[in-house]
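In: generate coordinates for the sequence data below:
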Amino acid sequence: MARNVGATRAVVGIVDDDPAVRNSLKFSLELEGFSVGTYGSAAELLRAQDLSRFNCLVIDYNMPGMNGLDLVTRLRELHVSAPAILITTDPPKTLLARADRARVRIVEKPLLGNTLVDRIVEAIGPDGPSTVN
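Out: The predicted structure is shown next:
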């Protein structure tokens, strides 16, 4: 069932080096009513023109070049305040602790049911995005 996330469609950015994962997440999130931008690496996202347009970012933790949590740290340095959700498999306790300190949620793979969508909606807030540029 598609969700209407606020009066304006929320914009979600997906960063994952696996094209199959990116495409399937894009497809499923668009079915839920989100507008979605996809990126194959941290560097690709950081080159994007308007990072402030995102209402939420879904970032794979294990990527070549820069892991997802380091990407979130870099985004915060650039004053990108959109909530971020890391996706990963079997995160070690050290990663869970780092993510908690950084106030980043982790959703474990495999992504089953509506867990990811529920976390995105929670991160954006019950009323959806206040503005989308």
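In: make sure Val36 is indeed in a strand.
Out: Yes: the assignment for Val36 is a strand, going by DSSP: H, G, I helix; E, B strand; the rest coil.
In: so where is the chain shaky, pLDDT-wise?
Out: Counting by pLDDT under 70, the chain has low-confidence residues at 1-8, 126-133.
In: can we see that at 90?
Out: Within the chain, the segments meeting pLDDT under 90 span 1-9, 49, 109-113, 125-133.
In: ok, longest helix in it?
Out: Criterion DSSP state H: the longest helix present in the chain is helix 19-31.
In: ends of stretch 107-118, what's the gap?
Out: End-to-end distance of stretch 107-118 (Cα to Cα, to the nearest Å): 10 Å.
In: now do that stretch: everything it contacts.
Out: Applying Cβ atoms under 8 Å, 6 or more residues apart in numbering, the contact partners of stretch 107-118 are 3, 25, 28-29, 32, 58, 85-91, 119. Placement of C-beta: from N, CA and C, glycine included.
In: buried residues in stretch 93-111?
Out: Using 16 or more other Cβ atoms under 10 Å as the burial criterion, the residues of stretch 93-111 that qualify are Leu95, Arg98, Ala99, Val104, Arg105, Ile106, Val107, Leu111.
In: quick one, helices of this protein?
Out: Under DSSP H, the chain gives helices at 19-31, 42-46, 68-77, 93-101, 115-124.
In: now those as CSV including distance to Ser52?
Out: Formatted as CSV, the helices of the chain follow (distance: least, Cβ to Cβ, whole Å):
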stretch, distance to Ser52
helix 19-31, 19
helix 42-46, 13
helix 68-77, 11
helix 93-101, 23
helix 115-124, 15
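In: closest one to Ala10 among these?
Out: Among these, helix 115-124 comes nearest to Ala10, with 5.3 Å by Cβ to Cβ.
In: and the angle for that closest one with helix 19-31?
Out: Angle between the axes of helix 115-124 and helix 19-31 is 60 degrees (criterion: axes from the mean of the first three to the mean of the last three Cα atoms, to 10 degrees).
In: how about helix 115-124: buried residues?
Out: Buried residues in helix 115-124 (16+ other Cβ under 10 Å): Leu116, Val117, Arg119, Ile120, Val121, Ala123, Ile124.
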